[in-house]
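>>> model the following, please.
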Amino acid sequence: MKVSSAEFLKNYGSLADKALSEPVTITRNGRDRLVVISAEEYARLKRRDRRVVTVRELTDAEIELIAKAEVPSEYAYLDEELKDGKA
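Next comes the predicted model:
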């Protein structure tokens, strides 16, 4: 659902309730500016944050999995970019 900021302010109660079941995008001057989501959905998204580790923190099993990983064929074009030294 997408609403203007003026409409969101005018109908805050019902739109806040709507955001409990689906994201509500708030626009300003026709451009997406904010998205209101439920606290439950926000917590779910935060749990999905990626964790950064150093190479020393990887287990031998993780290193082995990385070594065996194959790039899907639809991304083969990225190898060419690396050969040009652009990446």
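>>> so, low pLDDT: which residues of the protein?
Residues of the chain meeting the criterion pLDDT under 70: 84-87.
>>> tally of neighbours for Ser38?
Residue neighbour count, defined by other CB atoms under 10 Å, stands at 14 for Ser38. C-beta: built from backbone N, CA, C; applies to glycine.
>>> can you report phi and psi for it?
With angles defined as degrees, to the nearest 10, Ser38 shows backbone torsions of phi -70, psi 160.
>>> shouldn't it be in contact with Leu20?
Yes. Applying CB atoms under 8 Å, one finds Ser38 in contact with Leu20, separated by 4.7 Å.
>>> give me the distance between the two termini of stretch 32-52.
Stretch 32-52 has an end-to-end distance of 30 Å (criterion: CA to CA, to the nearest Å).
>>> and if you look at stretch 42-57?
29 Å.
>>> give me the contacts around that stretch.
Ile37 (CB atoms under 8 Å, 6 or more residues apart in numbering).
>>> what distance separates it from the middle of the whole chain?
Between the mean C-alpha location of stretch 42-57 and the chain-wide mean there is a distance of 12 Å, by CA atoms, centre = their mean, to the nearest Å.
>>> what does Val36 show for phi and psi?
Recorded main-chain torsions at Val36 are phi -100, psi 130, according to degrees, to the nearest 10.
>>> any idea what it is bridged to?
Taking DSSP bridges as the rule, Val36 bridges to Val24.
>>> that one and Ser21 touch, don't they?
No. Using CB under 8 Å, Val36 makes no contact with Ser21, being 11.5 Å away.
>>> give me the more crowded residue out of these two.
Relative neighbour count places Val36 above the other of Val36 and Ser21, with 19 against 10, counting by other CB under 10 Å.
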